[in-house]
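Student: just coords:
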Ligand SMILES: O=C(O)CC1=CCC(=O)O1
């Protein structure tokens with residue numbers, strides 16, 4: 001199942017810089033492992049914002065929730081999920 005996921009990141013200024021850098025490095029490693037596995041086939045930056053649009057290819061709502069809730073930046077994110085179905089006019 002495919003899901004369009006919008007993530008907006010808001011790290012509080014009160015978080016020490018070293019802690020923020022550590023969490024971002026963990027986020028990068030976690031996301032790159034999922035990209036290599038094929039479960040996170042698209043990751044795009046929203047121009048001018050600390051936000052991304054991503055496409056996840058996972059088996060179920062539960063797998064997506066589990067995957068997203070393990071993001072190291074999850075406590076600092078607002079996440080919106082849109083489940084995707086095949087468009088009847090799509091040739092893909
Ligand atoms: O920078 C972001 O948009 C948050 C994020 C998701 C995966 C990643 O590596 O960073």
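Tutor: Thanks, I have the structure now. Worth saying up front: this structure is predicted, and the values here are computed from it rather than measured.

Student: C-alpha only now, for contacts and for neighbours.
Tutor: Fine.

Student: buried stuff in the strand or helix carrying residue 68?
Tutor: Element membership for residue 68 (DSSP states H and E) is helix 61-69. Within helix 61-69, the residues scored as buried using 16 or more other CA atoms under 10 Å are 64, 67-68.

Student: mind putting the residues you listed in CSV, pLDDT and distance to the ligand included?
Tutor: Converted to CSV, the buried residues of helix 61-69 look like this (pLDDT from 0 to 100; distance: CA to the nearest ligand atom, whole Å):
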residue, pLDDT, distance to the ligand
64, 99, 14
67, 98, 12
68, 99, 10
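
Student: report how many residues lie close to the spatially closest residue to residue 53 that is not a sequence neighbour.
Tutor: What sits nearest to residue 53 in space, not counting adjacent residues and going by CA to CA, 6 or more residues apart in numbering, is residue 6, at 4.7 Å. Burial measure for residue 6: 20 neighbouring residues, criterion other CA atoms under 10 Å.

Student: show me where this structure has helices.
Tutor: 17-37, 61-69 (DSSP state H).

Student: just the angle for the shortest one relative to helix 17-37, thanks.
Tutor: Here helix 61-69 runs at an angle of 150 degrees relative to helix 17-37 (axes from the mean of the first three to the mean of the last three CA atoms, to 10 degrees).

Student: for the ligand, what's the nearest residue on this protein?
Tutor: Distances between the chain and the ligand by CA to the nearest ligand atom are smallest at residue 28, namely 3.7 Å.

Student: give me the pLDDT for that residue.
Tutor: Each residue has a pLDDT score; the one for residue 28 is 98.

Student: distance check, it against residue 89.
Tutor: Distance, residue 28 to residue 89, by CA to CA, to the nearest Å: 36 Å.

Student: comparing the two, which residue is more hemmed in?
Tutor: Using other CA under 10 Å as the criterion, residue 28 and residue 89 rank with residue 28 on top: 15 against 6.

Student: near the ligand, which residues of the chain? Just list them.
Tutor: Within the chain, the positions lying close to the ligand (CA under 6 Å from any ligand atom) are 27-28, 31, 50-52.
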